[in-house]
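Undergrad: structure for the following, please:
(chains A and B)
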Amino acid sequence: MAASSKKWLWGLLAAAFLVPLLRPVLPDIVSDYRLFLVSTMMIAAIAVLGLNLLTGFNGQISLGHGAFYAVGAYTAAVLMDQANWPYWATIPAAAIVCFIVGYLFGLPALKLEGHYLALATFALALAVPQILKYKWLEGLTGGVQGIVLNKPEVPFGLPMSEDQWLYYYVLIVMVLLYWGAANMLNSRSGRAMKAIRDYAIAADTMGIDTALYKTVTFGISAAYTGIAGALSASAIAFVAPDSFNIFLSIKFLIGLVVGGIGSLAGSVVGGIFYVLVDNSAQALSTFAKNDLGLQFDLSAYTVFGILLIVLMYLMPMGIVGGVYYLVQSMRSSMRGPQAQQQAATQKQHATR
Amino acid sequence: MRTNRRMFLGGASTAAVLSASGVSFAQGDKKYSDGASDTEIKIGHTNPYSGPASAYGVIGKTLQAYWKYVNETQGGVNGRKINFISYDDGYTPSKTVELVRQLVEQDKVLCTFNTLGTPTNTAIHKYMNQKKVPMLFVATGASKWGKPKEFPWTMGFQPDYHTEAVIYAKHILANVKDSKIGVLMQNDDYGKDYWEGMREGLGKEVGRVVKHVTYEVTDPTVDSQVIQLKDSGANVFFNISTPKFAAQAMRKAADIGWKPAQYLNNVSASVATVMKPAGFENVQGVLTAAYLMDPTDKQWDDNADMKMWKEWMGKYNAGASLSDASNVFAYSVVSLMHETLKKCGNDLTRENLMRQAANFQKWKLPMALPGITVSTSPTDYYPIQAVQLQRFKGETWELFGDVMHAEST
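TA: Here you go, the predicted model:
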């Protein structure tokens, strides 16, 4: 099992690195726009991964990760705009700033559990766009006007388009971050994080410093999402408070739930899902109106909502959980009844 | 500021771009850029149909209704059907970038038209000019859309907020003795544009502003701000607010017995959505500047343009509100785009499109106030620059004075 999934992973990675090289050969299929779209998906996947570390692996709910995304984006934008930092150097800076902000926010959050924490983070997401407009910060943030940036330039004179380079840049950052997250989760600290999620009191009794782990997890989670924000500032080449409204936080959460809570692969699927559906919901609604002869207007958000409900009903464990379950049940029906029980127990482990 | 900008002679780069294919083609010659063909012209558009600014969604719907009407009744423009692709960006700049890239690179539109919002257009400004795709008649009143020298592919439409505020400032200085000005401002880019225009218009007299208060779009009321303004002893009230808040502020001012000379921004000049809710008895004598006719103003009932518009709305845009000024705006701007495409003839290249857009001489814009016309040139990317002051009297606006051109301010 493990070996075959490793093979898959390497295959996917190889494809991710090689396919964009086909751009000169197949300019219509591997177009700049598609590469850009995949880049935004990967950025979303990083943000969702950040949220997953907190919610999926540590059991703390956040409705406000858009705030950390905004902080990361603005940290990068201000450094590039005011201090002329190169774009790649802003990634660690954004990570550090967001880690500190997340850690500090995690301290009072210790007293808040479940729904109360969700509300507190929600407030944070509402406050950040306003803070960015605040007049004392305006010199830095550009206030409501935002900051116009330059797109990352192709280094070393490589024969690539800007979007191709952006793709590789985001891909490399994403692979590093996923590798880091996978290692962390497999370590003692990762097991401690998960133990707190599963049963905080038991974890405490085992000698785990729950307060420390919770706040540090908050910080790391914020740092991941902040890096995604910094990448998006480079990709979009513009930041403005309007880009970081409350829907952004909600979309991260949707991506997380749809992809699969507590699953690394689920975060990638979630990121891809929310960019794809966000973009195609409107196309679907016009399709329903014009081609299916629907009498009234169906807003894009309605389509988005319906899709979500259907998905939640059919795959309550998210797409990754659902697919895994399907594969397992197909295998066991081929193997015969005696293997079914084994598969069922395996499934329970896998979906956790 | 405006006059200075004007004085630049030309902008050699623009001239170069616009005359790159400058030889005039014989009428029969057909030339196309991406997005145009013998049968079709593709035009891209983004607009918030959802999210906090979704009230502007009606503009997109009216634009769609207009192109549908053109396709059905006239067979398109010069025999080519208009394929108008409109996407919902939810007023989110990052989303606008994604969608406009989709329009330009996947859908391959000839141009974008009337993309809405200041932050959203800022996000795509550079991109469109790098790609050399026309970005015509953007729906925002910011003053940065008419710079043919740096951005030869972007053109604005409406008189910008900055110029409008300059006009008010001049009027205050000329007509109100010992003016002490109180300013109520929505705290965003639109509010700031007006505020900077006012400061520039006052010039040395900027000290006459005795109080400047702001509110957020999310605030429930502006009552406390209005009380602060009254307490400052101001005798002029410059009201930079969107319809809901404008009505609240004027009503509150009357309630607390504050009777300043009032200047209301054009954004909130609608009779039905602002003046009536504020109470007609409370808004007598309020001043504003306008460039389009207000459909709820009775004085235009017999105007030929207005009749035509109402008939068109009933026939081709049924269900849309006849009192929403956004529908007038949309009709007006789309008529200008229609005319621009007609003028292009069979040369539907991006260069020619810009050349034609920058070649209007006193064109009579449907639904504009009498005397207000569209004029553009390779160095003038502000189609409408004239406004006329009007004063509220009884239940309608009463125009007074001359049509004012930005140059004359």
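
Undergrad: what ranges do the helices span in the stretch 251-400 of chain B?
TA: For the stretch 251-400 of chain B, the helices defined by DSSP state H, counting those that start in this stretch occupy B:276-278, B:304-316, B:325-344, B:350-357.

Undergrad: ok, and what's touching the first one?
TA: With CB atoms under 8 Å, 6 or more residues apart in numbering or on different chains as the test, helix B:276-278 has contacts from B:246-248, B:250-251, B:254. Glycine gets a C-beta too; all of them are placed from N, C-alpha and C.

Undergrad: next, the buried residues of it.
TA: B:277-278 (16 or more other CB atoms under 10 Å in any protein chain shown).

Undergrad: the closest residue in space to residue A:132 that isn't next to it in sequence: what's it in contact with?
TA: Distance criterion CB to CB, 6 or more residues apart in numbering or on different chains; nearest residue to residue A:132, sequence neighbours excluded, is residue A:241 at 4.5 Å. Residue A:241 makes contact with A:70, A:129-130, A:132-133, A:141, A:144, A:146, according to CB under 8 Å, 6+ apart.

Undergrad: next one: residue B:37
TA: Contacts of residue B:37 (CB under 8 Å, 6+ apart): residue B:80.

Undergrad: and the gap between it and residue B:291?
TA: To residue B:291, residue B:37 is 35 Å away according to CB to CB, to the nearest Å.

Undergrad: cool, residue A:215 as well?
TA: Distance, residue A:215 to residue B:291, using CB to CB: 57 Å.

Undergrad: ditto for residue B:346
TA: 33 Å.

Undergrad: how about residue B:222?
TA: Applying CB to CB, the value for residue B:222 to residue B:291 is 26 Å.

Undergrad: how about the nearest residue to residue A:115, chain neighbours excluded?
TA: Nearest non-adjacent residue to residue A:115, counting by CB to CB, 6+ apart: residue A:61, 7.7 Å away.

Undergrad: assumed that neighbour was part of a helix.
TA: No - counting by DSSP: H, G, I helix; E, B strand; the rest coil, residue A:61 is not found in a helix; it is coil.

Undergrad: surely it and residue A:118 touch.
TA: Yes - using CB atoms under 8 Å, residue A:61 is in contact with residue A:118, at 4.5 Å.

Undergrad: so how many other residues sit close to residue B:106?
TA: Residue B:106 is flanked by 13 other residues according to other CB atoms under 10 Å in any protein chain shown.

Undergrad: quick check, pLDDT for residue B:14.
TA: Looking at residue B:14, its pLDDT reads 43.

Undergrad: give me the domain ranges for the chain.
TA: No chain specified, so I'll use chain A. As recorded under automatic domain parsing, the domains making up chain A are A:1-29, A:31-298, A:315-352.

Undergrad: the intended chain is chain B.
TA: B:2-159+B:303-385, B:161-290.

Undergrad: in TSV, list those along with distance to residue A:114.
TA: TSV is the format used below for the domains of chain B (distance: least, CB to CB, whole Å):
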stretch	distance to residue A:114
domain B:2-159+B:303-385	29
domain B:161-290	27
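
Undergrad: weakest of those domains in terms of mean pLDDT?
TA: Ranked by mean pLDDT, the domains of chain B end with domain B:2-159+B:303-385 at the bottom, a mean of 86.

Undergrad: so residue B:196 touches residue B:162, yeah?
TA: Yes - here residue B:196 reaches residue B:162: they are 6.3 Å apart, a contact under CB under 8 Å.

Undergrad: who's more crowded, those two?
TA: The neighbour comparison of residue B:196 against residue B:162 (other CB under 10 Å) goes to residue B:162, with 23 against 16.

Undergrad: now the buried members of the contacts of residue A:241.
TA: Among these, those buried by neighbour count (16+ other CB under 10 Å) are A:70, A:129, A:132-133, A:141, A:144, A:146.

Undergrad: single out whichever of the residues you listed has the smallest pLDDT.
TA: Confidence by pLDDT is poorest for residue A:144 among those, given 75.

Undergrad: got the buried residues for stretch B:222-240?
TA: Buried residues in stretch B:222-240, defined by neighbour count with 16+ other CB under 10 Å: B:222, B:225-230, B:234-240.

Undergrad: separation between residue A:11 and residue B:176?
TA: Look at residue A:11 and residue B:176: by CB to CB, they are 76 Å apart.

Undergrad: what of residue A:102?
TA: Distance from residue A:102 to residue B:176, counting by CB to CB: 53 Å.

Undergrad: quick one: residues contacting residue B:287.
TA: Applying CB under 8 Å, 6+ apart to residue B:287 gives the contacts B:168, B:171, B:261-264, B:389-392.

Undergrad: so which of those residues sit within strands?
TA: Of these, the ones assigned to strands by DSSP state E are B:261-264, B:389-392.
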